[in-house]
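Asker: got a predicted structure plus its sequence, pasted below:
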Amino acid sequence: MPKQPMNRPHRLTKAVIPAAGLGIRFLPATKATPKEMLPVVDKPAIQYVVEEAVAAGLDDVLMVTGRNKYAVEDHFDRNHELETTLSHNDDDEKLARVQESSALAAIHYVRQGDPHGLGHAVLCAAPHVGREPFAVLLGDDLIHPRDPLLARMIEVQEQHGGSVIALMEVDPSRIHLYGCAAVETTAEDDVVRVSNLVEKPTAAEAPSNYAIIGRYILTPAVFDVLRTTEPGKDGEIQLTDALKRLAVGDGSPVHGVVFNGRRYNTGNRSDYLRAIVTLACQREDLGPDFRTWLRSHVDGLAATEPAA
């Protein structure tokens, strides 16, 4: 029998998920409920992010939280009273779904304290991460489960070293909402070399229409840079500014993976609704009936629209 090739072990095992935001755009829903716990169909948005990390082979997750985020911790903890009730009722399906979140990964927490920006949130992860590469996943960005962006980024990091960021082409009129990358092409169609970065530039200042979306693979060198990075845009310590120093200053490579898949900004109300509709339509248990209703609803809306 031929010898089976050995699987190359993952060099990355740790993921950091900043989750300290106030969710102001979703008030009043987020007055007492963390924005990360808003449901997308029947799971909180942040569970999709943890599942994405686990699917890419990262089983050690650190959440950087802030005030009033206890619901996030409770969700990923065991609920023995609820589990006992479901078990006594022989409701095995719901029991499995309740237990699923607490069995996904080893999940840890650190409080950010004063919110000084994404760069500061990442720096809070330094004691846990240590001196090894790690991933950062922003909880506002929901990547469709069938579009394995993070796994591809890990491949690129293993090939090129340094840091890797996720990029997406956006309309120039929207580039001021993102960090923006100046890029150089490589031999791979979906990989670029990042030569400069600008946080939330105007359309005239932007070096491209490649926007940074909320997925990063970083090396521990970023911590040393963040410790000396001055507050930038909006008076916050910007991760974009630290990555710029790595790319431009010390020769540490920064590559970008150009993503053409499905991404939803669940911090935006319209995108949040699109995510719910898309994922509900694709569910085997909900999709058939929901799609039928949705078609009827859309046809009804069209019928009531005034003629042009």
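Answerer: Arrived safely, thanks for sending.
Asker: low-confidence regions, this structure specifically.
Answerer: Scanning the chain for pLDDT under 70 picks out 1-10, 250-251, 306-308.
Asker: how much space between residue 122 and residue 96?
Answerer: 34 Å (CB to CB, to the nearest Å). Glycine gets a C-beta too; all of them are placed from N, C-alpha and C.
Asker: out of these two, which sits in the more crowded spot?
Answerer: Counting neighbours by other CB atoms under 10 Å for residue 122 and for residue 96 shows that residue 122 has the greater number, 23 against 11.
Asker: by contact count, what packs against the helix or strand hosting the more buried one?
Answerer: In this structure, residue 122 sits in helix 118-123 according to DSSP states H and E. Packed against helix 118-123 by the contact rule (3 or more CB pairs under 8 Å, 6 or more residues apart in numbering; DSSP states H and E) you find strand 14-19, helix 221-226, helix 239-248.
Asker: quick one: which of those is nearest residue 285?
Answerer: strand 14-19 (27.5 Å; CB to CB).
Asker: tell me the helix or strand right after the closest one.
Answerer: strand 39-40.
Asker: what residues of the helix holding residue 122 count as buried?
Answerer: By neighbour count on 16 or more other CB atoms under 10 Å, the buried set for helix 118-123 is 118, 119, 120, 121, 122, 123.
Asker: residue 302: which of these is nearest?
Answerer: Nearest member of the buried residues of helix 118-123 to residue 302, counting by CB to CB, is residue 118, at 41.7 Å.
Asker: what sits against the residue lying closest to the closest one once chain neighbours are set aside?
Answerer: Using CB to CB, 6 or more residues apart in numbering and skipping the chain neighbours, the partner closest in space to residue 118 is residue 239 (4.6 Å). Contacts of residue 239 were listed using CB atoms under 8 Å, 6 or more residues apart in numbering, and they are 117, 118, 119, 122, 136, 179, 216, 222, 226.
Asker: for the residues you listed, give me TSV that also has distance to residue 32.
Answerer: Formatted as TSV, these follow (distance: CB to CB, whole Å):
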residue	distance to residue 32
117	25
118	24
119	28
122	27
136	27
179	31
216	30
222	34
226	32
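Asker: which of the residues you listed lies closest to residue 234?
Answerer: Distances from residue 234 to the contacts of residue 239, taken by CB to CB, are shortest for residue 117, at 7.3 Å.
Asker: re the thing from before, where's the residue nearest to residue 118 relative to residue 116, distance?
Answerer: Going from residue 239 to residue 116 by CB to CB gives 11 Å.
Asker: ditto for residue 196
Answerer: 24 Å.
Asker: do the same with residue 297
Answerer: From residue 297 to residue 116 the distance is 44 Å (CB to CB).
Asker: those two - which one has more neighbours?
Answerer: Taking other CB under 10 Å, residue 297 and residue 116 do not tie; residue 116 has more neighbours (15 against 10).
Asker: can you pull the contacts of the more buried one?
Answerer: If a contact means CB under 8 Å, 6+ apart, then residue 116 has 231, 236, 237 as its contacts.
Asker: how would you label it: helix, strand or coil?
Answerer: coil (DSSP: H, G, I helix; E, B strand; the rest coil).
Asker: determine the longest helix present in the chain.
Answerer: Looking across the chain with DSSP state H, the single longest helix is helix 287-304.
Asker: residue 92: neighbouring residues, count only.
Answerer: 10.
Asker: number of nearby residues for residue 177?
Answerer: 12.
Asker: try residue 16
Answerer: Neighbourhood size, residue 16 [other CB under 10 Å]: 28.
Asker: that one against residue 127, yeah?
Answerer: No. The criterion here is CB atoms under 8 Å, and residue 16 misses it with residue 127 at 11.7 Å.
Asker: which parts of the stretch 51-200 of the chain are helices?
Answerer: For the stretch 51-200 of the chain, the helices defined by DSSP state H, counting those that start in this stretch occupy 70-75, 80-88, 92-100, 118-123, 126-129, 149-160.
Asker: pick the most buried one from these.
Answerer: Among those, helix 118-123 has the highest mean neighbour count (mean count of other CB atoms under 10 Å), at a mean of 24.
Asker: and the contacts of that helix?
Answerer: Under the contact criterion CB under 8 Å, 6+ apart, helix 118-123 has outside partners 16, 18, 20, 64, 112, 114-115, 136, 138, 218, 222-223, 226-227, 229, 236-239, 241-242.
Asker: residue 82 and residue 14, how far apart?
Answerer: Taken as CB to CB, the span from residue 82 to residue 14 is 30 Å.
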